[in-house]
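> Sequence and predicted model, in that order:
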Amino acid sequence: MICERDILKLLDSVKDPELPVLSILDLGIVRSVERISMENGEGRWRIVVTPTYSGCPAMDMISMQIRMAMYAAGMTDFEIVTRLSPAWTTDWMTESGKAKLKAYGIAPPHRTGDQTPVECPHCGSTHTQCLSEFGSTACKALYRCEDCREPFDHFKCH
């Protein structure tokens, strides 16, 4: 019998197409996995996701990857529900996900409201400068370390 833990393990294999080092669980976009009863007494899985922002172009790909993972595991009785409220926040990212970002060379976000300087993911220096509020994707800003001189993306808090 499939349980919620099995579904979560499956979802942990689904990677963000823009940040393949992170699973959708690392990102915190999976809000819940629940078994819902149907009129005929059978159950159906409901996977609730919240995009990182309302126009996120990766959500269609993520939904398709969820479907593919579920079908590959032999599960066909499920639905994916997108919930926009409350809005996703970087506070929902896992600490493990933030560590993966840093190891990948992207400065992870701080907790919302934390004014700590952005730390260089390459050398650990906090002597960094924002070059542009717009990085390689809408959720990142471009920074440079003043010590090691390396450019890097910073995953913006929101």
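Cool, got the structure.

> Centroid-nearest residue for this structure?
residue 27 (2.1 Å; C-alpha atoms, centre = their mean).

> Can you tell me how far it is from residue 149?
Computed as C-beta to C-beta, to the nearest Å, the residue 27 to residue 149 distance reads 30 Å. For the C-beta atoms, the positions are set from N, CA and C on the backbone; glycine is no exception.

> Looks like residue 65 contacts residue 11 (just checking).
No - the pair residue 65 and residue 11 fails to qualify as a contact (C-beta atoms under 8 Å) at a distance of 9.5 Å.

> can I get the CA coordinates of the helix ranked longest in the chain in CSV?
The residue-count maximum for a helix in the chain (DSSP state H) belongs to helix 59-72. Taking Å, rounded to 0.1, in the frame of the first residue of the first chain, the C-alpha atoms of helix 59-72 are listed here in CSV:
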residue,chain,number,x,y,z
MET,A,59,5.9,25.2,-13.2
ASP,A,60,4.6,23.5,-16.3
MET,A,61,7.8,21.5,-16.6
ILE,A,62,7.6,20.7,-12.9
SER,A,63,4.0,19.5,-13.1
MET,A,64,4.9,17.3,-16.1
GLN,A,65,7.9,15.8,-14.2
ILE,A,66,5.6,15.1,-11.2
ARG,A,67,3.2,13.3,-13.5
MET,A,68,6.0,11.3,-15.2
ALA,A,69,7.4,10.3,-11.8
MET,A,70,4.0,9.2,-10.5
TYR,A,71,3.2,7.2,-13.7
ALA,A,72,6.7,5.6,-13.7
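
> Flag every buried residue along that helix.
59, 62, 63, 65, 66, 67, 69, 70 (16 or more other C-beta atoms under 10 Å).

> I'd like the distance from stretch 16-29 to the chain centre, please.
4 Å (C-alpha atoms, centre = their mean, to the nearest Å).

> buried sites along it?
Using 16+ other C-beta under 10 Å as the test for burial, stretch 16-29 gives 16, 18, 19, 22, 23, 24, 25, 26, 27, 28, 29.
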